[in-house]
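Peer 1: Got a sequence here, can you model it:
(2 chains)
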Amino acid sequence: MALTLLFLGPLEDAAGTGEMVLEVAGALSLGAIAERLPPELAVAISGPKVRTALNGAIVAPGEIAAGDGDELAFLPPVSGG
Amino acid sequence: MTNWLSSRLSVGAEMRRVVLAGDPFDPAAELARFGDGQQAAGGIVSFLGQVRQEESDPVEALELRHFEPLTLPGMEQLVIEAERRWPLLATLVVHRVGVMLPGDPIVLVACAARHRRDAFEAADYLMDHLKSSAWFWKREKTASGWRWIEPRSQDHADRERW
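Peer 2: Got it, this is the predicted structure:
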C-alpha cells in the first residue's frame, strides 16, 4: 500500500529527494501526509504558493485524498523560460 | 523521460507545432521548416532565447526541469489561446529541458500571420506566458554549485500586460 510523493524544483532540495514513497493504510488528506514528513518539509509543501497535482491533474490542497497507487506532486512557483 | 515530446496539428491553413526538447535543437533548421509552405503569411516573427554567455557571468550551466503530465499540455493550451486571440496561420514553440551550457538555445517561438502586428503580438504573448506560467523550474550552476532560481516579479508584471 504505497503512496508516491514527487517534489518539483526547489522542493527537491527541501525533501533531499525528488521522489518519496509512503506506506499508507488508506487515503490521506494533505494534513495527514504532512504529519508523516520531517517538519521543515511539511512546512515547505504547505506554503500558500505550492500547487498540488494528484495523478497528473491539479487539485486543491484541501481536496486531496491520496492513497495506495496514487502519485501526489508538489509544484512550487515556476521560474522558467 | 522521452527526450522529445511534441504535438502537431494541421487543419487547413493552420499549423501548430509544440515541442518539449530533451536534447539541443537547431533553431535555424526549425525556422526553415516552419517557413516552408507559409506563402500566405505576410510576416513571420520569431524569438530565440538562449543561455547568456558573458565574460563576467559566473553561470557555468543552466538546468530546466518540467513535470511531464502538465508542462506540454500547458504549452499547448497557451498556443491555443494565442490562436484564439490573433489570426495566426502557423505557430511554433520549441522549449528545452535538461542541462544547457552558455550559448545553447532554450526556447524558440515563431508566429506566422497575414499581417505583422498579429505575429509580433502573439509571439510576445507566448514568451511572456512561457516565462511566467508554464510548468518549468530553473536552476543555475556557478563555482559554488547549483542554485534554484526564484520567480522574478518582472516576469509576472510582463504577464499582467495581457
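Peer 1: Which residue comes closest to residue 7 once chain neighbours are left out?
Peer 2: No chain was given, so I picked chain A. Excluding its sequence neighbours, the residue lying closest to A:F7 (Cβ to Cβ, 6 or more residues apart in numbering or on different chains) is A:A15, at 4.2 Å. Where you see a C-beta, it was placed from the backbone N, CA and C, and this is true even at glycine.
Peer 1: I was thinking of chain B, sorry if that wasn't clear
Peer 2: Excluding its sequence neighbours, the residue lying closest to B:S7 (Cβ to Cβ, 6+ apart) is B:V18, at 5.2 Å.
Peer 1: Next up, the contacts around the residue nearest to A:F7.
Peer 2: The contact partners of A:A15, taken as Cβ atoms under 8 Å, 6 or more residues apart in numbering or on different chains, are A:5, A:7, A:41, A:44.
Peer 1: For it, what are phi and psi?
Peer 2: Phi and psi for A:A15, reported as degrees, to the nearest 10, are phi -90, psi -20.
Peer 1: Ok, the one 10 residues further on next?
Peer 2: In this entry, A:A25 is assigned phi and psi values of phi -90, psi -30 (degrees, to the nearest 10).
Peer 1: what's the distance between it and A:M1?
Peer 2: According to Cβ to Cβ, to the nearest Å, A:A25 stands 6 Å off from A:M1.
Peer 1: Over to A:L75?
Peer 2: 25 Å.
Peer 1: likewise B:W162?
Peer 2: Distance of B:W162 to A:M1, given as Cβ to Cβ: 46 Å.
Peer 1: which phi and psi does A:F7 have?
Peer 2: Main-chain dihedrals, A:F7, degrees, to the nearest 10: phi -120, psi 110.
Peer 1: per-residue pLDDT, it?
Peer 2: Turning to A:F7, the model gives it a pLDDT of 98.
Peer 1: ok, it - contacts?
Peer 2: A:F7 is in contact with A:14-15, A:17-20, A:45, A:73-74, counting by Cβ under 8 Å, 6+ apart.
Peer 1: out of those, which are inside helices?
Peer 2: The helices, defined by DSSP state H, take in A:14-15, A:45 from those.
Peer 1: Count the residues that sit near B:V51.
Peer 2: 17 (other Cβ atoms under 10 Å in any protein chain shown).
Peer 1: What is the end-to-end distance of stretch B:141-157?
Peer 2: Terminal residues of stretch B:141-157 lie 26 Å apart, using Cα to Cα, to the nearest Å.
Peer 1: can you give me how far that stretch is from the chain middle?
Peer 2: Chain-centre distance of stretch B:141-157: 18 Å, with Cα atoms, centre = their mean, to the nearest Å.
Peer 1: what's the nearest residue to residue 66 if we skip its chain neighbours?
Peer 2: Chain wasn't specified; assuming chain A. A:L72 (4.6 Å).
Peer 1: looking at chain B here, not the other one
Peer 2: Closest to B:H66 by Cβ to Cβ, 6+ apart is B:V97, at 4.8 Å.
Peer 1: Show the pLDDT at the residue nearest to B:W162 when sequence neighbours are not counted.
Peer 2: Of all residues not flanking B:W162 in the chain, B:Y125 sits nearest, at 5.7 Å (Cβ to Cβ, 6+ apart). At B:Y125 the predicted local confidence, pLDDT, stands at 97.
Peer 1: Confirm B:Y125 sits in a helix?
Peer 2: Yes. Assigned with DSSP: H, G, I helix; E, B strand; the rest coil, B:Y125 falls within a helix.
Peer 1: and it, how many neighbours?
Peer 2: Count around B:Y125 with other Cβ under 10 Å applied: 21.
Peer 1: Hmm, it is touching B:A82, no?
Peer 2: Yes. Look at B:Y125 against B:A82 with Cβ atoms under 8 Å: they come within range, at 5.6 Å.
Peer 1: strand partners of whichever strand or helix holds B:R147, parallel vs antiparallel please.
Peer 2: B:R147 belongs to strand B:145-148 when assigned by DSSP states H and E. Taking DSSP bridges as the criterion, strand B:145-148 forms sheet pairs with strand B:136-142 (antiparallel).
Peer 1: That'll do, ta.
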